[in-house]
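Provide a 3D model corresponding to the input given below.
(one chain, ligands or ions: 1)
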Amino acid sequence: MDPDWLPWHASPSKPTYTAPDGAVDAHCHVFGPGSEFPFAPERKYTPCDASKAQLFALRDYLGFTRNVVVQATCHGADNRAMVDVLKHSNGRARGVATVVPDVSDEELGRLHDAGVRGVRFNYVKRLVDPKPDAYYLRIIEKIKKFGWHVVIYFEAADLAEKWDFFTSLPVTIVVDHMGRPDVTKDPNGPEFARFLEFMERENVWCKVTCPDRLSKSGPPSYDDFVPFAKKVVEKIPDRVLWGTDWPHPNLKSHTPDDGKLVDVIPRIATTEKAQRKLLIENPMRLYWPEEVKV
Ligand SMILES: O=C(O)/C=C(\C=C(/O)C(=O)O)C(=O)O
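Okay, the predicted model is just below:
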């Protein structure tokens, strides 16, 4: 089964930026292996296998310590591949699952015990068919008892339409990839200003991730991505997260060099204090709160 997109980089460069001890890759995936963890029949793309061993090896190679493994749509609501990573991580991986509204409390309990701490609502239409708000509200009612948060993945154009719903949610929200801004526009323009207004809400967090997806100026430095991500880090330094997005599903323009993605970090979080918040303090507070010394 050939993947629909370029395979991930087999020999990324060693980053020139050294992440602080304890750094967290807060957005990554595993795919399959398909022979062990079949892909969802309803998926809209077919991934290549990308295993926990390869994810852990990349983590160590890039100088990171922990992972947050996000359920990808190609596995639908079958979270077994993601849970398998958590169970083999020695406590160094947490998860974000995909569930359906009639998920049982017992299943949610099993996911929580394995290390899941959130669910993902994916609004990107090329990945998932749209669901009504009530679908997601039923899920939120179920997960509140576990203290989980909601990760939302949407296109910039969706924000206006979903504004009232997103701003009504009574849980912590984590936005994937800055809501996918058009980085050819002005970072000080009205479109990104509206997104930054969303970021002003105390329960809203943002992943300053995916220069490889968003940039039009392209690798290796992804210059046009930097002012947008830097703005978010400066605005909400205590509510930002970073991740590789390995193995980079659905990228067709190029195969990102994960070492070069790491090297973008000091250009968007320009002080050691901001880097420690982005890479350690913020993800630890959200995913390993029991290990955070008050
Ligand atoms: O991996 C990402 O975060 C981005 C993509 C894929 C998914 O999120 C997914 O399959 O769940 C994408 O933009 O294609």
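
mind saving the C-alpha coords of stretch 70-89 as CSV?
Provided in CSV are the C-alpha atoms of stretch 70-89 (Å, rounded to 0.1, in the frame of the first residue of the first chain):
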residue,chain,number,x,y,z
VAL,A,70,-1.6,13.0,18.6
GLN,A,71,-4.1,10.6,17.0
ALA,A,72,-4.0,11.1,13.2
THR,A,73,-7.2,10.8,11.1
CYS,A,74,-5.8,7.8,9.1
HIS,A,75,-6.4,5.7,12.3
GLY,A,76,-9.9,7.2,12.9
ALA,A,77,-11.1,6.5,16.4
ASP,A,78,-9.0,3.4,16.7
ASN,A,79,-6.3,4.7,19.2
ARG,A,80,-4.4,1.4,19.6
ALA,A,81,-1.3,2.5,17.7
MET,A,82,-1.0,5.7,19.7
VAL,A,83,-1.7,3.9,23.0
ASP,A,84,0.9,1.3,22.2
VAL,A,85,3.5,4.1,22.0
LEU,A,86,2.4,5.4,25.5
LYS,A,87,2.6,2.0,27.0
HIS,A,88,6.2,1.5,25.7
SER,A,89,7.5,5.0,26.6
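
Show me which positions of it end up buried.
Neighbour-count burial for stretch 70-89, counted by 16 or more other CB atoms under 10 Å, picks out 70-76, 78-79, 81-86, 89. The way it works is simple: take the backbone N, C-alpha and C, and place the C-beta from them, glycine included.

do the same with stretch 275-293
By neighbour count with 16+ other CB under 10 Å, stretch 275-293 contains the buried residues 275-284, 286-288.

CSV please, covering those and showing distance to residue 150, secondary structure and pLDDT.
Formatted as CSV, these follow (distance: CB to CB, whole Å; DSSP: H, G, I helix; E, B strand; the rest coil; pLDDT from 0 to 100):
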residue, distance to residue 150, secondary structure, pLDDT
275, 26, helix, 99
276, 26, helix, 98
277, 21, helix, 98
278, 20, helix, 99
279, 22, helix, 99
280, 23, helix, 98
281, 21, helix, 98
282, 16, helix, 98
283, 16, helix, 98
284, 19, helix, 98
286, 12, helix, 98
287, 14, helix, 98
288, 18, coil, 98
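
Restricted to strands, list the buried residues of stretch 70-89.
Of these, the ones assigned to strands by DSSP state E are residue 70.

same for the ligand: which of the buried residues of stretch 70-89 are within range?
Taking CB under 6 Å from any ligand atom as the test, the ligand is in contact with 72-74 out of the buried residues of stretch 70-89.

Which positions in this protein make contact with the ligand?
29, 72-74, 122, 124, 127, 153, 176, 213, 245, 249-250.

Please convert the buried members of those into PyMOL selection syntax.
A single PyMOL command selects the buried members of those (16+ other CB under 10 Å):
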select buried, resi 29+72+73+74+122+124+127+153+176+213+245+249+250
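
mind listing the strands for the protein?
Using DSSP E, strands in the chain cover 24-28, 66-70, 93-97, 116-122, 149-153, 173-175, 204-207, 240-241.

Show me the shaky parts of the protein.
Counting by pLDDT under 70, the chain has low-confidence residues at 1-4.

and residue 214, what does it touch?
177-178, 180-181, 183, 222, 225, 228 (CB atoms under 8 Å, 6 or more residues apart in numbering).
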